[in-house]
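Student: Sharing a model that was predicted from the sequence below.
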Amino acid sequence: MYKECQVRISPQDASDMLVLKDIASKKLSIASSKICHIDILKRSIDARQRNVFFNLTLGVHIDKLEVREKNFIPKYHDVSHQEKVIIVGAGPAGLFAALHLIELNFCPIIFERGKDVDKRRGDLASLYKTGIVNSNSNFGFGEGGAGTFSDGKLFTRSKKRGNVGRMMEILIHHGANESILVDSHPHLGTDKLPAIISNIRKTILKYGGEVHFDSKVDDFIIKNNKIEGVIVKDTEFLANNVILATGHSARDIYKMLHKRKVLMLNKEIAVGLRLEHPQMEIDCIQYHSKNGRGNYLPAAEYNFVQKVNGRGVYTFCMCPGGVVVPAATDSMQQVVNGMSASGRNTKWANSAIVTSVGEDELKAMGYNGLFAALEFQEELEAQAWKEGGEHLYAPAQRLVDFLDNKESTHLPISSYKPGVKASLISNWFPNILSNRIREGISVYGRRSKGFISENALFIGAETRTSSPLRIPRGKLSLEHEEIAGLYPCGEGAGYAGGIISSAMDGENCANSIAQK
């Protein structure tokens, strides 16, 4: 027999299976001796009160161990001689589209401008050593996309867009730990994700698909409002359907589409700075203890959303126990991002603190037209690069000094490896935006005692939170509104905001092709 029950329990007791068995026996009114095994099905932390609790959903096996059916059973088969679908980009949208196309009896052909995860790792090591960015192989471009070497968070609010559980099961099938089905905020870790991505590629190749690295798409073949293929290294590759899954940093793709008169639309973006604290400080605040998290709690997270003058100021991509990394995709750009390994065990916590920027504000700052947001991003990154200097030094300012708008005479030690350089952020970051971030942080700091800390450091610039454009598509068919056979997909098209939402969008585009 198998039954489930919910329990609210202290972190220490949650780690003791004998305690769990005793509680489950009382909840289900059965003898403890009859429980032969307990699965933890769901786990979340409730730290709203002084005492911190785990909320657990337990799967209780009574008398004998019940074998539970898997939700995902692969239906992959040889598609090497089936109709080809070109996929531009090997991020989560492109990879999950490819896997699902194989299930739907289509042959995916992926073109990725960057390198496979192993060669990409070497380019990142070189980036740290030289400060020189390889424009096709970096934290943003390469196999697995921007998420591969920058965290691997799997939490999403986009649950109506697809089957989140199925996405998790596919990741588990390719090597992810089953704990991602349990935790309320699942996370793979940048140390684990590359192997999973590599296994997905092996599945695609095993069943007849193709993955081409160092293969930047140079142009699209479009005739009579119908896409017919792509051009890579002066060679034409033809297909009736093309999934465009390039990510939000492939700015050359936007300009290429514009040249081909493909309809795109303006879209609100968010920009800001990355805020780094000692992890111990965040643990003490979130867990209401001067001793931090202790032995039974994970590195604490935080998040907030605050309205200031009608615009949002909010956290994005919070990385407990993580590091800040250089995320530029070309020379003379200074862009930062955050990541955590699976253990989330560094001394630092970091999060983007960003504010939304709309068309009206962009116009007020002198940016107009279709590429207004993109040009604003580029200019902000260039200013941050000039402020930091060569070798990817990042401009930085202590949080307390940022709030007072004064220069920092010294900076705390940072996880950002290239190094930080003291900067008066208001010298290069627009005042209308920095003032809004100041207000948002101040409001949160009043609610969260200790958050405004002498040890907290702002590092710039955080500009790659989302796509600066939306590539419009139909509501029923996910084809482009005007170009038949073109399927804008994932973050770069403005339809997703993370690994899981991008993966679901990739599957949805594959479904749309099959239905057509």
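Tutor: Good, I have the coordinates.
Student: element containing Gln306?
Tutor: Element membership for Gln306 (DSSP states H and E) is strand 305-308.
Student: Now that Glu301 has come up, it's in contact with Gln286, right?
Tutor: Yes. The pair Glu301 / Gln286 is scored as a contact, 7.2 Å apart, by CB atoms under 8 Å. Using the backbone N, CA and C atoms, a C-beta is placed for each residue, glycine as well.
Student: Settle it for me: which of those two has more neighbours?
Tutor: Gln286 (23 against 20; other CB atoms under 10 Å).
Student: Need the nearest residue in space to that one, chain neighbours excluded.
Tutor: Ala300 (3.7 Å; CB to CB, 6 or more residues apart in numbering).
Student: The one you found looks like it's in a strand, true?
Tutor: No. Going by DSSP: H, G, I helix; E, B strand; the rest coil, the assignment for Ala300 is coil, not a strand.
Student: wait, what's in contact with it?
Tutor: 47, 279, 282-283, 285-287, 293, 320, 349 (CB atoms under 8 Å, 6 or more residues apart in numbering).
Student: same question, Arg157
Tutor: Per CB under 8 Å, 6+ apart, neighbours of Arg157: none.
Student: hmm, 10 Å instead?
Tutor: Neighbouring residues of Arg157 by CB atoms under 10 Å, 6 or more residues apart in numbering: 497-498, 500-501.
Student: I'd assumed Asn105 was in contact with Lys84.
Tutor: No. Applying CB atoms under 10 Å as the test, Lys84 and Asn105 come out as separate, 11.8 Å apart.
Student: Between those two, which is the more surrounded one?
Tutor: Lys84 (20 against 13).
Student: just to revisit the earlier point, which neighbours does the very next helix or strand once past the strand holding Gln306 have in its sheet, and in what orientation?
Tutor: Using DSSP H and E, the helix or strand that follows strand 305-308 in sequence is strand 311-319. When pairs are called by DSSP bridges, strand 311-319 turns out to pair with strand 305-308 (antiparallel), strand 348-357 (antiparallel).
Student: Report the buried residues of the shortest one.
Tutor: When burial is assessed from 16 or more other CB atoms under 10 Å, strand 305-308 yields the following buried residues: 306, 308.
Student: which helices and strands does the longest strand along the chain pack with?
Tutor: Ranked by residue count and defined by DSSP state E, the top strand of the chain is strand 35-46. Contacts defined by 3 or more CB pairs under 10 Å, 6 or more residues apart in numbering; DSSP states H and E place strand 35-46 against strand 2-9, helix 11-14, helix 17-28, strand 53-62.
Student: quick one: which of the contacts of Arg157 sit in helices?
Tutor: Mapping the contacts of Arg157 onto helices (DSSP state H) picks out 500-501.
Student: ok, of the contacts of Arg157, which one's closest to Leu124?
Tutor: When these are compared for distance to Leu124 (CB to CB), Gly498 wins out at 20.9 Å.
Student: Look up how far Lys192 lies from that closest one.
Tutor: 17 Å (CB to CB, to the nearest Å).
Student: So for the two, which residue has more residues nearby?
Tutor: Neighbours per residue, other CB under 10 Å: of Gly498 and Lys192, the larger number sits with Gly498, 21 against 17.
Student: Now name the helix or strand holding the residue nearest to the more buried one when sequence neighbours are not counted.
Tutor: Nearest non-adjacent residue to Gly498, counting by CB to CB, 6+ apart: Thr156, 5.6 Å away. Per DSSP H and E: Thr156 is located in neither a helix nor a strand.
Student: Thr156 and Ala510: what is the separation?
Tutor: Taken as CB to CB, the span from Thr156 to Ala510 is 19 Å.
Student: ok, the two, which is more surrounded?
Tutor: Using other CB under 10 Å, the more surrounded residue of Thr156 and Ala510 is Ala510, with 28 against 20.
Student: quick one: the helices in the protein?
Tutor: Under DSSP H, the chain gives helices at 11-14, 17-28, 92-103, 117-130, 164-173, 193-206, 251-259, 279-286, 359-364, 372-388, 399-404, 431-447, 499-515.
Student: how far out from the middle of the chain is the shortest one?
Tutor: Average the C-alpha atoms of helix 11-14, do the same for its chain, and the two points are 30 Å apart (CA atoms, centre = their mean, to the nearest Å).
Student: Okay, buried residues for that helix please.
Tutor: Neighbour count says helix 11-14 has 11, 13-14 buried, by 16+ other CB under 10 Å.
Student: Please list all residues in contact with Lys267.
Tutor: Lys267 touches 358-359, 373-374, 466-471, 494, counting by CB under 10 Å, 6+ apart.
Student: go on, Leu486?
Tutor: Leu486 neighbours (CB under 10 Å, 6+ apart): 220, 222, 225-227, 241-244, 257, 262, 471, 473, 478-480.
Student: Likewise for Glu462?
Tutor: Contacts for Glu462 were tallied using CB under 10 Å, 6+ apart; they are 270-275, 316-317, 324, 327, 335-338, 351-354, 380, 384.
Student: Wait, Ser80 touches Phe106, no?
Tutor: No. If you go by CB under 10 Å, Ser80 and Phe106 don't touch, sitting 11.2 Å apart.
Student: who's more crowded, those two?
Tutor: Neighbour count, other CB under 10 Å: between Ser80 and Phe106, Phe106 has more, with 22 against 10.
Student: now the more buried one, nearest residue through space, not along the chain?
Tutor: Val85 (5.0 Å).
Student: hmm, back to that, anything in contact with each of Ser80 and Phe106?
Tutor: Joint contacts of Ser80 and Phe106 (CB under 10 Å, 6+ apart) are Gly209.
Student: re earlier: scan the contacts of Arg157 and report the most crowded one.
Tutor: For those, counting by other CB under 10 Å, the largest number of neighbours falls to Ile500: 27 neighbours.
Student: Leu99 contacts Ala93, doesn't it?
Tutor: No. The criterion here is CB under 10 Å, and Leu99 misses it with Ala93 at 11.3 Å.
Student: gap between the residue nearest to Phe106 and Val230?
Tutor: 12 Å.
Student: neighbour count winner among the two?
Tutor: Val85 (27 against 22).
Student: which residues touch that one?
Tutor: 79, 97-98, 101, 104, 106-110, 209, 239-243, 485, 487, 509-510, 513-514.
Student: Same question for Asp252.
Tutor: By CB under 10 Å, 6+ apart, the neighbours of Asp252 are 113, 135, 216-218, 246, 330.
Student: Buried only: go through the residues you listed for me.
Tutor: 113, 135, 216-217, 246, 330.
Student: Pull the most distant pair out of those residues.
Tutor: Farthest pair in these, by CB to CB: Val217 and Asp330, 17.0 Å.
Student: how many neighbours does the spatially closest residue to Ala493 that is not a sequence neighbour have?
Tutor: In this structure, Ala493 finds its nearest non-sequential neighbour in Ile471, 4.4 Å apart by CB to CB, 6+ apart. Other residues within reach of Ile471, judged by other CB under 10 Å, total 25.
Student: And Ile471, how far from Gln377?
Tutor: Taken as CB to CB, the span from Ile471 to Gln377 is 17 Å.
Student: Could you do Gln6 as well?
Tutor: 45 Å.
Student: higher neighbour count, the two?
Tutor: Higher neighbour count among Gln6 and Gln377: Gln377, with 25 against 11, using other CB under 10 Å.
Student: returning to that earlier point: what's the closest of the contacts of Lys267 to Asp505?
Tutor: Gly494 (10.3 Å).
Student: hang on, the earlier thing: from the contacts of Val85, list the buried ones, please.
Tutor: For the contacts of Val85, buried by 16+ other CB under 10 Å: 79, 97-98, 101, 104, 106-110, 209, 239-243, 485, 487, 509-510, 513.
Student: Mind checking which of these land in strands?
Tutor: With strands defined by DSSP E, the entries of the buried ones among the contacts of Val85 inside them are 107-110, 242-243, 487.
Student: Export those residues to TSV and append columns for pLDDT.
Tutor: Compiled in TSV, these are given as follows (pLDDT from 0 to 100):
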residue	pLDDT
Cys107	98
Pro108	98
Ile109	98
Ile110	98
Val242	98
Ile243	98
Tyr487	98
